[in-house]
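K.L.:
Structure for the following, please:
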Amino acid sequence: MLAMLISLLTIGNDLINLFGDNMSNKIRSPLLLIYFIGLAFLLFFSVDKYSWMYDMDPSITVGSIQNNSSNRNVVSFFILCVLIGIQIFSFISEKNNVRKFISVLLALTAIFLFILK
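P.N.:
Numbers count the residues shown, from 1 in each chain. Prediction:
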């Protein structure tokens with residue numbers, strides 16, 4: 001949550017300084033947008049689609065229903081790789097140390113959310 005707030009502040013700073021000497025705003029803004037959309041998809045694909053059944057019937061234990069035909073783990077891992085790739089590109093492209101730190105923080109946020117699923 002803190003990482004999202006910091007990146008929103010970064011976007012606001014970009015709007016003030018339209019022609020910075022760092023990575024072009026025409027590149028940074030779409031990358032941040034793709035990152036946050038990917039983060040939403042990562043959260044969406046990591047949800048167990050049978051979790052509602054565990055709440056309805058207490059006799060069913062959590063994780064007892066196995067759906068081996070689902071590719072949710074593969075898609076989630078692919079999305080994580082894309083998110084980390086975006087942040088690696090941002091880290092390499094930026095000259096400002098604060099923005100480099102934000103890139104590392106956003107990559108760690110994506111990894112943390114992937115592990116929590």
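
K.L.:
the strands in the chain, which residues?
P.N.:
Counting by DSSP state E, one finds no strands in the chain.

K.L.:
which residue ranges form the helices in this protein?
P.N.:
For the chain, the helices defined by DSSP state H cover 2-16, 25-45, 51-56, 72-93, 97-116.

K.L.:
neighbouring contacts of the fourth one?
P.N.:
Here helix 72-93 makes contact (CB atoms under 8 Å, 6 or more residues apart in numbering) with 22-23, 27-28, 31, 34-35, 38-39, 41-42, 45-46, 99-100, 103-104, 106-107, 110-111, 114, 117. In this view, the C-beta of every residue, glycine as well, is placed from N, C-alpha and C.

K.L.:
As TSV, the helices of the chain with mean neighbour count would be great.
P.N.:
Compiled in TSV, the helices of the chain are given as follows (neighbours: other CB atoms under 10 Å):
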stretch	mean neighbour count
helix 2-16	13
helix 25-45	15
helix 51-56	11
helix 72-93	16
helix 97-116	16
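
K.L.:
Can you tell me which of these has the worst average pLDDT?
P.N.:
Across the helices of the chain, helix 2-16 has the smallest mean pLDDT, namely a mean of 54.

K.L.:
wouldn't residue 113 be in contact with residue 45 here?
P.N.:
No - in this structure residue 113 lies outside contact range of residue 45 using CB atoms under 8 Å: 11.1 Å.

K.L.:
ok, now how distant is the closest residue in space to residue 104 that isn't next to it in sequence from residue 99?
P.N.:
The shortest distance from residue 104 to any non-neighbouring residue, by CB to CB, 6 or more residues apart in numbering, is to residue 91 (6.6 Å). Noted for residue 91: a distance of 8 Å to residue 99, by CB to CB, to the nearest Å.

K.L.:
How about residue 108?
P.N.:
Counting by CB to CB, the gap from residue 108 to residue 99 is 15 Å.

K.L.:
same thing with residue 56?
P.N.:
47 Å.

K.L.:
Repeat that for residue 36.
P.N.:
16 Å.

K.L.:
got it, and residue 72?
P.N.:
Relative to residue 99, residue 72 is positioned 32 Å away (CB to CB).

K.L.:
With residue 34 instead?
P.N.:
Distance from residue 34 to residue 99, by CB to CB: 16 Å.
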